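# how would this look folded up:
(2 chains)
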Amino acid sequence: MRPSPTSYSGVPRWVLAIAAIGAAFVLLPLLAMVLRVNWAEFVPLISSESSVAALLLSLRTSLAATALCVIFGVPMALVLARTDFWGQKVLRSLVLLPLVLPPVVGGIALLYTFGRRGLLGQTFELLGIEIAFSTTAVVIAQTFVALPFLVLSLEGALRTVGSRYEAVGATLGASPTTVLRRITLPLVLPAVLSGAVLSFARALGEFGATLTFAGSLQGTTRTLPLEIYLQRETDPDTAVALSLVLVVVAIVIVSLAHRTGVPSRRRTRVLS
Amino acid sequence: MTRTPRSPSLVAAVGLVALALAGCASATPAATTPSPSATVAALDGDITVFAAASLKTTFTDLAESFESENPGTTVALNFAGSSDLVTQIVEGAPADVFASADTKNMTKLTDAALAESDPVDFATNVLEIAVPPGNPAGITDFASLAGPDVKLVVCAPEVPCGSATAAVATAAGITLTPVSEESSVTDVLGKVTSGEADAGLVYVTDVTAAGDAVEGLEFDESAEAVNTYPIVALQDSASADVAQAFVDYVAGRAGQDVLRAAGFGAP
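Presented below is the predicted three-dimensional model:
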């Protein structure tokens, strides 16, 4: 075979053609939306009081949800990747369930858990914590749907990196916590970051579970996707303008995730 | 009301002509009988009806009985919020009949010159207070909704049920402080049936449809905001005769009986 990696793509032309159709399928709707934007009114539309309140609430809640995803997701990924116990496979698929669950189903499940009449609702009420219709409910809904993204990407990275360095560290007398802090976490840090960015993106786009579980009130529970959904009723121009804002934020996030994700792979290859 | 019934006996032969005359449909001679169901034996064709979400139960019943009375026809139903539906129709969705939950969205359609004739008002709906079974917060009337510890859920002012809520509150001189402003009446009802909310403002028909899941409290101020439901056949319909017959059926005796049983008021 000719060693010219630049001239030989290895992809048949017909595959390229189908891929182009697939790409157009994803990009055309975005283009169609951009074409509908009322540019003359764009800035006033996205800077109205309700739009700004929704954007700020979305950013605030998504950041909180991302923090919760890291706090709970990193230990979950470690347990799934580094331990072996009965029922682990079943547990993994269950933990990743919110990934494939329709968000509205997630919302109903959360309602039956944290709602006033839910499994834990009465306990929280006794403690004086009211979750229903609060910003906390939004964060819970976002964490629920975003957590699997972090667990999934981090668990994959942990398995790719392998546990040889950890084993060496342990034989040299390092405690499990020291191994985790000095070896494992630095190795998979890029995966934690890219997982966190993905979780943030998912939290930002969360709609169904929030609508079902948290309600919709400006400044408290009405995040950007809910605001778009509502504005569409009376003011399609605002809805389209806000959609574009969300698309731009999403593109920035995805490119960030891609950038932080790449070094992780390179580093892994060097190490193994 | 300016309904323009077309003689169904002519339809097969002059269907296309009738379609062409749509703009001046008043020239078409009035049907010999005011009851369309008496002469619809010749009807043949498939129609798609876009109807407001609150019409789901009644229109499902009416479509079935319409089909069984007119064996040559099938009625496909699409339910969603009125503004969603009108957006879809304006963007080219293949609908033959549009039934809106308010006149505002119907106006969007007539403004776009997509209606076959003038819309017909066929039902009205008013707000009612819905509370979870047992009424845990002890709601008694509209004024008690403004109580400090009442978790009240209403529709956002942007949607029809929300503008009705605002009108009622203004008329009653009461400031409501809801914990949530939902984008649809079904979402409000969901918050009440699940017990998350102490009370919600929904339509009478929603309370009827919810059965034992909620209790309804009527209140006098509801008369301040009566929602009118118009229906119309659409211009581009391939089965214009069936579409118009369905409109007449809904506005006629059979339709009114079903609608009244579901809690709707007379137009």
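
# What residues does the stretch 51-200 of chain A have near chain B?
Within the stretch 51-200 of chain A, the positions adjacent to chain B are A:111, A:115, A:116, A:117, A:132, A:133 by CB under 8 Å from any CB of the partner chain. C-beta coordinates here come from the backbone N, C-alpha and C atoms, glycine included.

# Which pair of those spans the longest distance?
Pairwise distances among these were taken by CB to CB; the largest, 14.2 Å, belongs to A:117 and A:133.

# Counting neighbours around each, name which of those two comes out higher.
residue A:133 (24 against 14; other CB atoms under 10 Å in any protein chain shown).

# got a markdown table for the residues of the stretch 51-200 of chain A next to chain B, with secondary structure too?
Output for those, formatted as a markdown table (DSSP: H, G, I helix; E, B strand; the rest coil):
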| residue | secondary structure |
| --- | --- |
| A:111 | helix |
| A:115 | coil |
| A:116 | coil |
| A:117 | coil |
| A:132 | coil |
| A:133 | coil |
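
# where in the stretch 101-250 of chain B is pLDDT low?
The model of the stretch 101-250 of chain B has no residue with pLDDT under 70.

# all strands in it, in order from the N-terminus.
For the stretch 101-250 of chain B, the strands defined by DSSP state E, counting those that start in this stretch occupy B:120-125, B:127-131, B:152-155, B:180-182, B:199-203, B:215-217, B:227-233.

# Same list (these) but as TSV, adding distance to chain A and mean neighbour count.
Below are the strands of the stretch 101-250 of chain B laid out as TSV (distance: least, CB to the nearest CB, whole Å; neighbours: other CB atoms under 10 Å in any protein chain shown):
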stretch	distance to chain A	mean neighbour count
strand B:120-125	18	22
strand B:127-131	14	26
strand B:152-155	7	27
strand B:180-182	3	26
strand B:199-203	11	29
strand B:215-217	16	17
strand B:227-233	15	24
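
# quick one on the thing from earlier: now, among the residues of the stretch 51-200 of chain A next to chain B, which is nearest to residue A:99?
Using CB to CB, residue A:111 comes nearest to residue A:99 of those, at 19.7 Å.

# Contacts only, for that closest one.
By CB atoms under 8 Å, 6 or more residues apart in numbering or on different chains, residue A:111 lies in contact with A:118, A:212, A:213, B:194, B:196.

# Check which helices and strands the one helix or strand the second one maps to sits against.
Read it as residue A:212. Using DSSP states H and E, residue A:212 maps to helix A:208-213. Using 3 or more CB pairs under 8 Å, 6 or more residues apart in numbering or on different chains; DSSP states H and E, the elements in contact with helix A:208-213 are helix A:103-114, helix A:135-161, helix A:224-234, helix B:185-193.

# Let me know the secondary structure of the nearest residue to residue A:226 once chain neighbours are set aside.
Distances taken as CB to CB, 6 or more residues apart in numbering or on different chains put residue A:216 closest to residue A:226, at 5.1 Å, once the chain neighbours are dropped. Secondary structure assignment for residue A:216 (three-state DSSP): coil.

# Tell me how many other residues crowd residue A:216.
Residues lying near residue A:216 (other CB under 10 Å) number 26.

# For the stretch 1-150 of chain A, which residues score under the pLDDT cut-off?
Across the stretch 1-150 of chain A (using pLDDT under 70), the flagged ranges come out as A:1-9.

# What segments of it are helices?
A:13-36, A:42-46, A:49-82, A:88-95, A:103-114, A:121-126, A:135-161 (DSSP state H, counting those that start in this stretch).

# Please apply the same query to the stretch 101-250 of chain B.
Residue ranges of the helices in the stretch 101-250 of chain B, as given by DSSP H, counting those that start in this stretch, are B:103-111, B:160-172, B:185-193, B:204-210, B:240-251.

# Next one: the residue in the stretch 51-200 of chain A positioned nearest to chain B relative to residue B:142, how far apart?
When you check the stretch 51-200 of chain A against chain B by CB to the nearest CB, the closest residue turns out to be residue A:133, at 4.0 Å. Using CB to CB, to the nearest Å, residue A:133 is found at 21 Å from residue B:142.

# again, but for residue A:69
Taken as CB to CB, the span from residue A:69 to residue B:142 is 44 Å.

# Write out the residues of chain B neighbouring chain A.
Neighbours of chain A within chain B, by CB under 8 Å from any CB: B:81, B:83, B:87, B:151, B:153, B:156, B:158-159, B:178-183, B:187, B:190-191, B:194-197.

# Dump stretch A:159-174 to PDB, restricted to CA.
Output in PDB follows, covering the C-alpha atoms of stretch A:159-174 (Å, rounded to 0.1, in the frame of the first residue of the first chain):
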ATOM      1  CA  ARG A 159     -11.200   1.800  30.900                       C
ATOM      2  CA  THR A 160      -9.000   3.100  28.100                       C
ATOM      3  CA  VAL A 161      -6.400   4.400  30.400                       C
ATOM      4  CA  GLY A 162      -6.300   1.100  32.200                       C
ATOM      5  CA  SER A 163      -5.200   0.500  35.800                       C
ATOM      6  CA  ARG A 164      -1.500  -0.400  35.400                       C
ATOM      7  CA  TYR A 165      -0.200   2.900  36.700                       C
ATOM      8  CA  GLU A 166      -2.600   2.700  39.600                       C
ATOM      9  CA  ALA A 167      -1.400  -0.900  40.400                       C
ATOM     10  CA  VAL A 168       2.200   0.300  40.300                       C
ATOM     11  CA  GLY A 169       1.400   3.200  42.600                       C
ATOM     12  CA  ALA A 170      -0.400   0.900  45.000                       C
ATOM     13  CA  THR A 171       2.600  -1.600  45.200                       C
ATOM     14  CA  LEU A 172       4.800   1.400  46.000                       C
ATOM     15  CA  GLY A 173       2.700   1.900  49.100                       C
ATOM     16  CA  ALA A 174       0.300   4.600  48.000                       C
END
